[in-house]
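> dropping the sequence and predicted coords here.
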Amino acid sequence: MSPTSPSSAARPGFPSGGAVVVSTSPLSPHERADYWHHAVSDTFIPLDVTLHEREPSAGTIVSDRLGPLQISVVEAGPQTVRRDKRLIARGGDEYITVTLQHSGTGKLTQDGRQALVGPGTFTCSDAGRPYQREQPGPFRFTAIRVPKQRLGVTDTDLRAVTGTVFGNDRGLAGLVTGYLSRLAEHAAGFDPYTGGQLALTTSDLLALLVRERQGRLDPQAPEAARGMLARIKEYVLRHLADPDLSPHRIAAAHHVSVRYLHKLFQSQGCSVGAWVRRERLERCRRDLARGPAAAPSVSVVAHRWGFANASHFSRAFRAAYDMSPREWQSLARTP
């Protein structure tokens, strides 16, 4: 059965309008193996898939786009996925795949190394060289496909992180693990601009990880500063609703000084407080523009996005958009 069969929940691809779901649930067990093989290769890169059950369990792939990244949650039964020189010649060698394990165990083999994978750990595989990933039992993981050119490192540099397991420790690998976990959980909810910024963060973090493993990590390097700034922005966006969000709290959460935090934002041409206020106001403006049936009150919107004082919110809104929140709400409702 081909991947374009009507039995699929959705076809591989990324039309506008949300996640793409591919599932073998509607198929009988004897039809699933062939369909799953095509679905995996069409969703990711050319791969060879061997299922280890006589009657294959149902498999599901849910994929989203985040800027140039493809983020796919895969849940299926025991199997082995291989990529050899023949499949590399068919394309896809411009990507690396970062795989974050949620349940089950696995083993990644590449570049003469083997990485034993468990929940809460992640691996990197380079599609430009042969590798094999074994899943001996039912599993669930998130695979993030990243264009290698986004990292700014060589293929030789990438060998420092392939076939290696990264855990949830206190170093850079632990920071990356936490970041990828949150990214996988919320990927479908980001607007295009925020998604693009988070994709840049992902690339910067992976480049830092490569340089750290190569012993060439420079904390003052531009990509290190960009990576830190992007992680801070991602943190702020997740805590915009908290009225107690402050530079001191943001700095403490990232183990940097307030002075360094201000220095990072100066490179963006604004202060920490101004950036936070701008992001809050943009979300308030969006919520106030909803149709009459769904439109909340001005005070509800203000509190929703961290403005504890309604008068302060109104002044900030007028200063930013040259009209009051109620004027904007009325204008937005006008046909």
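Structure received. Residues are numbered from 1 along each chain as shown.
> can we go C-alpha only for contacts and neighbour counts from here?
Noted.
> as a check, name the ranges of all helices in the stretch 1-150 of the chain.
29-43, 85-88 (DSSP state H, counting those that start in this stretch).
> most tightly packed of these?
Stretch with highest mean neighbour count among the helices of the stretch 1-150 of the chain: helix 29-43 (a mean of 19; mean count of other Cα atoms under 10 Å).
> give me the low-pLDDT residue ranges for the chain?
By pLDDT under 70, the low-scoring segments of the chain are 1-18, 168-171, 214-224, 291-295, 335.
> care to break it down by domain?
Domains of the chain are assigned by automatic domain parsing as 20-167, 278-333.
> any idea which of these is most buried?
Comparing the domains of the chain by mean neighbour count (mean count of other Cα under 10 Å), domain 20-167 ranks first with a mean of 19.
> look up how far residue 53 lies from the nearest residue to residue 78 once chain neighbours are set aside.
Distances taken as Cα to Cα, 6 or more residues apart in numbering put residue 137 closest to residue 78, at 4.3 Å, once the chain neighbours are dropped. Distance, residue 137 to residue 53, by Cα to Cα, to the nearest Å: 10 Å.
> so what's the gap between the strand or helix carrying residue 199 and the chain middle?
Using DSSP states H and E, residue 199 falls within helix 192-213. Here helix 192-213 is found 9 Å from its chain centre; the criterion is Cα atoms, centre = their mean, to the nearest Å.
> in that helix, what counts as buried?
Within helix 192-213, the residues that qualify as buried are 194-212, counting by 16 or more other Cα atoms under 10 Å.
> ok, the residue nearest to residue 78 - contacts?
Contacts for residue 137 (Cα atoms under 8 Å, 6 or more residues apart in numbering) come out as 77-79, 104-105.
> just give me the closest of these to residue 300.
Proximity of the contacts of residue 137 to residue 300, judged by Cα to Cα, is greatest for residue 104, which lies at 43.3 Å.
> surely the closest one meets residue 119?
Yes - when contacts are counted by Cα atoms under 8 Å, residue 104 is listed as touching residue 119 (6.6 Å).
> out of the helices of the stretch 1-150 of the chain, which is closest to residue 230?
Using Cα to Cα, the nearest of the helices of the stretch 1-150 of the chain to residue 230 is helix 29-43, at 28.2 Å.
> just the CA trace of that closest one, in PDB.
The C-alpha trace of helix 29-43 is given here as PDB (Å, rounded to 0.1, in the frame of the first residue of the first chain):
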ATOM      1  CA  PRO A  29      -2.000  -5.600  10.900                       C
ATOM      2  CA  HIS A  30      -0.800  -7.300   7.600                       C
ATOM      3  CA  GLU A  31      -1.100  -3.900   5.700                       C
ATOM      4  CA  ARG A  32       0.700  -1.800   8.300                       C
ATOM      5  CA  ALA A  33       4.400  -2.800   7.600                       C
ATOM      6  CA  ASP A  34       4.500  -1.600   4.000                       C
ATOM      7  CA  TYR A  35       2.600   1.600   4.700                       C
ATOM      8  CA  TRP A  36       4.700   2.400   7.700                       C
ATOM      9  CA  HIS A  37       7.900   2.000   5.700                       C
ATOM     10  CA  HIS A  38       6.700   4.500   3.200                       C
ATOM     11  CA  ALA A  39       5.300   6.900   5.800                       C
ATOM     12  CA  VAL A  40       8.600   7.100   7.700                       C
ATOM     13  CA  SER A  41      10.700   7.700   4.600                       C
ATOM     14  CA  ASP A  42       8.200  10.300   3.200                       C
ATOM     15  CA  THR A  43       8.000  12.200   6.500                       C
END
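> what is it packed up against?
Other elements packing on helix 29-43 under the criterion 3 or more Cα pairs under 8 Å, 6 or more residues apart in numbering; DSSP states H and E are strand 48-51.
> what does the strand it packs on contact?
Applying Cα under 8 Å, 6+ apart, the contact partners of strand 48-51 are 33, 37, 40-41, 77-83.
> partners of that strand in the sheet?
strand 79-83 (antiparallel) (DSSP bridges).
> what about residue 302, which helix or strand?
Going by DSSP H and E, residue 302 is part of helix 298-304.
> next secondary structure after that helix?
Of the helices and strands lying after helix 298-304 in sequence (DSSP H and E), the nearest is helix 310-321.
> what helices or strands is the helix holding residue 302 leaning on?
Applying 3+ Cα pairs under 8 Å, 6+ apart, we find helix 298-304 packed against helix 272-288, helix 310-321.
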